[in-house]
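Peer 1: take a look and give me a structure for this.
(chains A and B)
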There are 2 protein chains.
Amino acid sequence: MIRVDVELPGHAAYPVVIGAGALDALRAHAGERPFGIVDERVFELHGALAAPLFALAAVPAGEAAKDWGTLELALAAMAQHGLDRGSSALAFGGGATLDVGGLAASLYMRGIRVVYGPTTLLAMVDASVGGKTAINIAQGKNLVGTFHQPSAVLADTRTLATLPDEEWRSGLGEVVKAALVENEELLALVERNAAALAARELAAVELVIAECVRSKARIVASDEREGGPRKALNLGHTFAHAFEKVAGFGSIPHGVAVACGLALALEASERAGLLQDRGLRARIDALLRALQLPCSPGELRMRHGALPAAELLAAMRHDKKASAGRPTFVLPRAAGSLELAATLDDATLLALLA
Amino acid sequence: MIRVDVELPGHAAYPVVIGAGALDALRAHAGERPFGIVDERVFELHGALAAPLFALAAVPAGEAAKDWGTLELALAAMAQHGLDRGSSALAFGGGATLDVGGLAASLYMRGIRVVYGPTTLLAMVDASVGGKTAINIAQGKNLVGTFHQPSAVLADTRTLATLPDEEWRSGLGEVVKAALVENEELLALVERNAAALAARELAAVELVIAECVRSKARIVASDEREGGPRKALNLGHTFAHAFEKVAGFGSIPHGVAVACGLALALEASERAGLLQDRGLRARIDALLRALQLPCSPGELRMRHGALPAAELLAAMRHDKKASAGRPTFVLPRAAGSLELAATLDDATLLALLA
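Peer 2: Below you'll find the model as predicted:
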């Protein structure tokens, strides 16, 4: 079991506990009667790990939970079960469940305590730290949400046993992003452990999750509301969101889209003359391949269909990170050194996305 | 024009501007293209005062706007009109419009800037300071919401000209509460100006609004999340919410219910042996009468029907301020001196509510 403490200015510090058995500490963090907001499929497979739940709202598995209807049902259930300001919730599932569960907890009586129990690699390395919550609306992904810090994150790696391979790879996509954002040291650690990560060896996985969490916690602590340095975490994401949107949300796993976005960000950085570490593109391509992740739009298209470049471009213009209709990009100069608000002209974008 | 600056720890200070013409400063606070979330009736009557709005979501007049449907429509409109993280919104209407508009602004892309343009006396003295936003759900009032501070409050008293008399009295109910919470000095100021307030004389009204805002700002600054001193603002409200709930939300104006709640809180305080200022009950009764406000459940019932005591009691047990099913009450010892978490036994409550 590894414990990482997340300290954000103006918030109580909270622990991220990573390992088989992390959920055994649920009572200690959420009291005797936590209310569950639980992915219905996760509950079938791993409900026994969250035994102290006194009542719950079962939400649709995965991204389908991030809508108004699920949010309304969760909040109605919280009220029907008599939760008060002193109650705690457990959001138990993948990133989507944490997003909608965290949003529900942040809205109920203007905010009650929430413990996150991430059950996917992606959620363990990424969604469980940072305090972003959200649902999707017809006009775009994550357009409605809050900032609300959990009171603890219990990343119980027993839940990873049932994770489908494609979801596993999706988590690894965010691992590579985290390494590239952090520094050479973390990138080298991930490279050394690439085979073990691909083979789902838990000792390597827990170590890498902990380092990704430590990195993200440092970045979020410096910039909770994404005014500056936190933008680094969006590396690869302007591309990724466009792929996800054009393919139809939920059809390309998020971290898989991010992996391709990382490769494109490196190519864009090279074209723009920003890339200082000349060997980095080849290294990241090799790492993505070792982890069975796509490193070009072509590879994405083989699995997920057409993804026309013009549609991708249009999607980027409506991205949440766009300013006055111009999409912005995080571009790497080297591991740990990033340009946070680059713009790219349409010709370059169309060439990259071809 | 009177300006009061509200300073909350951890937030940028913001101004509350009170007077005829306050909205003329909208551009200065919300930029060239503010998006409006506007009470449809207010927009008909006073839309010209908010001329710089480039687009808007018209929401149903009054409390009917505080529901999921209106919130969804407002957020969809914000996205359709292409608002980004740098956009600003104007919530323009009474307390309900500020509540739902503030909530929409706090959720859109996890929070954009919002300027409040309160158009009722109640909203000017109460809802526009403190950063609470909310909608109602079937299970209770204000059960879903956030804390989100506005970037300015423009209380343009020109909008008060069209306020119905009953809404005017409702605002005065919160004025009396604010005075009783603050101190002897503010209470005496309100007493001296009672006739002018009842006659809607703007000079007196603006002065009293400013003092109420100053008082509330001080209290909220000391306790943004209602852990302690802010509970004082709930004086009269456990009773008031029960009246409103049993009568059907929207049928008794909030501040009218609060007025009756204040009279009951004083009576309860006297029965419990807490009331130190022996003359206070008679003074508040006289003040409420001078302002044409009810000072007993009997007077409320004459206008609003049965309000059975047993139903009122049941409503209190489900109040947001209840802890483990026991309603709590703020009880005055004297002006400015309050017991913040009193409990009352059922027999006492039934006697008070009879």
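
Peer 1: CA atoms only for stretch A:92-103 - export them in PDB, please.
Peer 2: In PDB, the C-alpha atoms belonging to stretch A:92-103 read as follows (Å, rounded to 0.1, in the frame of the first residue of the first chain):
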ATOM      1  CA  PHE A  92     -17.100   4.200  -6.800                       C
ATOM      2  CA  GLY A  93     -16.300   3.500 -10.400                       C
ATOM      3  CA  GLY A  94     -14.200   4.800 -13.300                       C
ATOM      4  CA  GLY A  95     -13.500   8.500 -14.100                       C
ATOM      5  CA  ALA A  96     -17.100   9.100 -15.400                       C
ATOM      6  CA  THR A  97     -18.600   7.800 -12.100                       C
ATOM      7  CA  LEU A  98     -16.100  10.000 -10.100                       C
ATOM      8  CA  ASP A  99     -17.000  13.000 -12.300                       C
ATOM      9  CA  VAL A 100     -20.800  12.700 -11.800                       C
ATOM     10  CA  GLY A 101     -20.600  11.400  -8.200                       C
ATOM     11  CA  GLY A 102     -18.200  14.200  -7.300                       C
ATOM     12  CA  LEU A 103     -20.500  16.700  -9.000                       C
END
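
Peer 1: list the buried residues in the helix or strand harbouring A:His29.
Peer 2: For A:His29, the element it lies in under DSSP states H and E is helix A:26-30. For helix A:26-30, the neighbour count (16 or more other C-beta atoms under 10 Å in any protein chain shown) marks A:26, A:29-30 as buried. Any C-beta I mention is one placed from the backbone N, CA and C, and that applies to glycine too.

Peer 1: equivalent analysis for stretch A:73-83, please.
Peer 2: Within stretch A:73-83, the residues scored as buried using 16+ other C-beta under 10 Å are A:73-79, A:82-83.

Peer 1: show me which pair in those is furthest apart.
Peer 2: Within the buried residues of stretch A:73-83, two members stand farthest from each other by C-beta to C-beta: A:Leu73 and A:Gly82, at 16.4 Å.

Peer 1: residues from chain A in reach of chain B?
Peer 2: With the criterion set to C-beta under 8 Å from any C-beta of the partner chain, chain A comes near chain B through A:10, A:68, A:72, A:75-76, A:79-80, A:82, A:84-86, A:106-111, A:132, A:134, A:137-140, A:143-147, A:225, A:318, A:320, A:322-325.

Peer 1: among those residues, which ones are buried?
Peer 2: Neighbour counting over those (16+ other C-beta under 10 Å) leaves A:68, A:72, A:75-76, A:79, A:82, A:84-85, A:106-111, A:132, A:134, A:137, A:139-140, A:143-147, A:318, A:320, A:322 as the buried ones.

Peer 1: pLDDT score assigned to A:Arg317?
Peer 2: A:Arg317 is assigned 87 on the pLDDT scale.

Peer 1: that one against A:Thr328, yeah?
Peer 2: No: assessed by C-beta atoms under 8 Å, A:Arg317 is found out of contact with A:Thr328, at 11.1 Å.

Peer 1: and the helices in the stretch 51-200 of chain A?
Peer 2: Assigned by DSSP state H, counting those that start in this stretch, the helices in the stretch 51-200 of chain A fall at A:68-80, A:95-107, A:121-122, A:165-182, A:184-192, A:194-198.

Peer 1: domain map for chain A?
Peer 2: Using automatic domain parsing, the domain ranges for chain A come out as A:2-162, A:165-353.
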